[in-house]
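S.K.: All I have is the shape, not the residue letters:
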């Protein structure tokens, strides 16, 4: 806190130095034209000396104030300043004055050759478009809805039979916990904690049920952050824990990792819908047995959300005997409820809150059925003149044990039973779901029963439909804006065609690398790619029109526009691709530690690359091929449209009877093209 005012003052002084001293010096140094002699034989100038002295002084001040990273940054700026002045200026000058003009001339010669065969080039691109689709389908990379990284948390959800006491559930959780430790290995270096919950906070997020249930438990394995795992993948433990917790009879155990997006349901989620409840239950059980018999690879374990054996204690009241005693069923029900759950008799208040006071039986009495049978019903018998009487519950009530359904769910007024499962690690979720879909279609369903796959696959289909609609809307808006700008239909069509063909790079990129496709991130990446592709196409088409307005013939205008606009097109493409590479590979650098201690803590990967990687690679693949389209295919399509326009004008002139001067003019246009 002592250094805070000093740091603020020093920062203000540094800003004044930069604004009024360094900035003018640098402006004079870098913005004035340099001759070749000055660049090839640099010398120490006054600007270099002044800026170095100022930066060294600022570095010393920041070091004294305790901001060592900023102080070292000033020294790094001095180093780059010298590097630029004595070396980089030579390299830049040679590149701009020698190598880049040669490259532009080479590109011009290649463009002239390509323009001799414009139809062949367009047809080849169309063929490559269909080939890229075929290649991606043939390679069949894994397709997921939301991308998933190495798990930071692994959850083991334990479900005992309904009615299991929490103490019994806790004993089961201890056994599962020991197996989880066995799956993780002894003293695992990347595990920070293993936490077990019983009853509270134990539900799977996909079930959307936050209630407290004593027959459920959850074990949470927390891992260190990605940068501290020393290259060890936590995904391998997902499989080892699943294998370790198998074989506990009477208990359902599901092992999963945290989700990479909003809860959308399990990858395999089958809904059985119908009106007749008995047929619905029977069909769900038969379907579950049928799919288990199919033994589809990749399915973890099919589980039904319908509970068929929820235990219950039934109090059968003999109404005739109860009426003789003058007791109503409402009195009996309230007495049992007050005994088991209690009755709020008062509240306790303190300075902050108030707390209800519940009056109920002792634990050993309310959990003992025999004690409940002897429960005394206290009432005033009006048949005997208002005498207060106590009658045991067993005098007019029989108790029996039975089971019932756990609950009935409805979706859109239809009764629904859901059978779901996770997909094992190493399997393509879409491929496994497709196999399940084929098996479900072959399953004989009774009349009035519907079976449909929903959950994650349904959300994925909805998202793809939305992204497709968004893409069409964006193309429509782009087309309207381009028509307004160019006052033409052909030029916007050329640019929109370039957007469609740019997906060749996306398809080929995923087909060659075999990377996992995230439908939502790939869709967003393609929509984002369209903006950059349109911008580059506009640069080329607009400059070609400008040259034609100045009297340059079409052929020369196309060549010159390509050579001139090649620089901004390539700069845009390479700047975007290079800017996306850190996101694509998950490049992580701690700049503060780098400037302070020299250790950048450099590593690749992490949670961010799993989410942003598919989007970044989509844009990189698409933009790499779209640059070729802009520099080669767009000029070819522009030439074809101009030739088509000239022929159309000549045809219309003949029809309208203007075949003399207009004909000669059109032939001249064709010759120029």
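M.R.: In hand now; what should we look at? Since this is a predicted model, take the numbers as computed values, not measurements. Numbering: from 1, shown residues only.
S.K.: So which bits of whichever strand or helix holds residue 642 are buried?
M.R.: Secondary structure from DSSP states H and E places residue 642 in helix 634-655. Using 16 or more other C-beta atoms under 10 Å as the test for burial, helix 634-655 gives 634-643, 646, 649-650, 653. Heads up, the C-betas are built off the backbone N, CA and C, glycines and all.
S.K.: Now render the residues you listed as JSON lines, adding distance to residue 433 and pLDDT.
M.R.: Formatted as JSON lines, those follow (distance: C-beta to C-beta, whole Å; pLDDT from 0 to 100):
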{"residue": "634", "distance to residue 433": "41", "pLDDT": "89"}
{"residue": "635", "distance to residue 433": "45", "pLDDT": "90"}
{"residue": "636", "distance to residue 433": "43", "pLDDT": "90"}
{"residue": "637", "distance to residue 433": "41", "pLDDT": "90"}
{"residue": "638", "distance to residue 433": "45", "pLDDT": "88"}
{"residue": "639", "distance to residue 433": "48", "pLDDT": "89"}
{"residue": "640", "distance to residue 433": "44", "pLDDT": "89"}
{"residue": "641", "distance to residue 433": "45", "pLDDT": "87"}
{"residue": "642", "distance to residue 433": "50", "pLDDT": "85"}
{"residue": "643", "distance to residue 433": "50", "pLDDT": "86"}
{"residue": "646", "distance to residue 433": "54", "pLDDT": "81"}
{"residue": "649", "distance to residue 433": "56", "pLDDT": "78"}
{"residue": "650", "distance to residue 433": "58", "pLDDT": "80"}
{"residue": "653", "distance to residue 433": "61", "pLDDT": "74"}
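S.K.: just these now: which is nearest residue 518?
M.R.: Proximity of these to residue 518 (C-beta to C-beta) peaks at residue 634, which lies at 30.0 Å.
S.K.: Spatially nearest residue to residue 108 (excluding sequence neighbours)?
M.R.: For residue 108, ignoring the flanking residues on the chain, the nearest one in space by C-beta to C-beta, 6 or more residues apart in numbering is residue 563 at 4.9 Å.
S.K.: Tally up the residues packed near that neighbour, please.
M.R.: Residue 563 has 17 neighbours, counted by other C-beta atoms under 10 Å.
S.K.: and the next element down the chain from the helix or strand hosting it?
M.R.: Using DSSP H and E, residue 563 falls within helix 554-585. Using DSSP H and E, the helix or strand that follows helix 554-585 in sequence is strand 587-588.
S.K.: Give me the buried stretch members for the stretch of helix or strand residue 51 belongs to, please.
M.R.: Per DSSP H and E, residue 51 falls inside helix 46-65. Buried residues in helix 46-65, counted by 16+ other C-beta under 10 Å: 47-48, 51-52, 54-55, 58-59, 61-63, 65.
S.K.: State the distance from residue 302 to residue 427.
M.R.: Going from residue 302 to residue 427 by C-beta to C-beta, to the nearest Å gives 15 Å.
S.K.: cool, residue 80 as well?
M.R.: Taking C-beta to C-beta, one finds residue 80 at 50 Å from residue 427.
S.K.: between the two, who's got more neighbours?
M.R.: Using other C-beta under 10 Å as the criterion, residue 80 and residue 427 rank with residue 427 on top: 17 against 11.
S.K.: What strand or helix carries the more buried one?
M.R.: Residue 427 is part of no helix or strand when elements are defined by DSSP H and E.
S.K.: Quick check: it touching residue 296?
M.R.: No - assessed by C-beta atoms under 8 Å, residue 427 is found out of contact with residue 296, at 9.8 Å.
S.K.: which parts of stretch 374-394 are buried?
M.R.: Applying 16+ other C-beta under 10 Å to stretch 374-394 flags 375, 377, 379, 391, 393 as buried.
S.K.: I'd like the average pLDDT over it.
M.R.: On average, the pLDDT along stretch 374-394 is 79.
S.K.: Compute the first-to-last residue distance for that stretch.
M.R.: Its first and final residues considered, stretch 374-394 spans 6 Å by C-alpha to C-alpha, to the nearest Å.
S.K.: I'd assumed residue 190 was in contact with residue 233.
M.R.: No - assessed by C-beta under 8 Å, residue 233 is found out of contact with residue 190, at 9.2 Å.
S.K.: Who has more neighbours out of these two?
M.R.: The neighbour count for residue 233 versus residue 190, taken as other C-beta under 10 Å, is higher for residue 190 (19 against 13).
S.K.: nearest residue to residue 586 other than its sequence neighbours?
M.R.: residue 609 is the one closest to residue 586 (C-beta to C-beta, 6+ apart), at 3.0 Å.
S.K.: thinking that neighbour is in contact with residue 149, fair?
M.R.: Yes - if you go by C-beta under 8 Å, residue 609 and residue 149 touch, sitting 7.3 Å apart.
S.K.: SS state for residue 388?
M.R.: Three-state assignment for residue 388 (DSSP: H, G, I helix; E, B strand; the rest coil): strand.
S.K.: again, but for residue 448
M.R.: Going by three-state DSSP: residue 448 is coil.
S.K.: Look at it and report its pLDDT.
M.R.: We have a pLDDT of 81 for residue 448.
S.K.: ok, now the one 4 residues further on?
M.R.: pLDDT, residue 452: 83.
S.K.: contacting residues for it?
M.R.: Applying C-beta atoms under 8 Å, 6 or more residues apart in numbering to residue 452 gives the contacts 270-271, 273.
S.K.: Over to it: give its phi and psi.
M.R.: Torsion angles at residue 452 (phi, psi; degrees, to the nearest 10) stand at phi -140, psi 150.
S.K.: Could you do residue 399 as well?
M.R.: According to degrees, to the nearest 10, residue 399 has phi -110, psi 130.
S.K.: For residue 83, see how far away it is.
M.R.: From residue 399 to residue 83 the distance is 90 Å (C-beta to C-beta).
S.K.: higher neighbour count, these two?
M.R.: Taking neighbours as other C-beta under 10 Å, residue 399 and residue 83 compare with residue 399 leading, 14 against 11.
S.K.: quick one: pLDDT of that one?
M.R.: Reported pLDDT for residue 399: 82.
S.K.: quick one: it and residue 315 touch, right?
M.R.: Yes - counting by C-beta under 8 Å, residue 315 is a contact partner of residue 399 at 5.9 Å.
S.K.: Report the contact partners of residue 376.
M.R.: 390-393.
S.K.: in the stretch 1-150 of the chain, which spans are helices?
M.R.: 3-17, 23-31, 36-40, 46-65, 68-83, 89-94, 100-115, 118-139 (DSSP state H, counting those that start in this stretch).
S.K.: mind checking how far residue 128 is from residue 177?
M.R.: For residue 128, the distance to residue 177 equals 56 Å [C-beta to C-beta].
S.K.: The closest residue to residue 616 other than its chain neighbours: neighbour count?
M.R.: Sequence neighbours aside, residue 584 is the residue nearest to residue 616 in space, at 3.7 Å (criterion: C-beta to C-beta, 6+ apart). The number of residues packed near residue 584 is 18, by other C-beta under 10 Å.
S.K.: One more: residue 175?
M.R.: Neighbour tally, residue 175, other C-beta under 10 Å: 13.
S.K.: Look up phi and psi at it.
M.R.: Dihedral angles (degrees, to the nearest 10) for residue 175: phi -70, psi -40.
S.K.: Many thanks, we can stop here.
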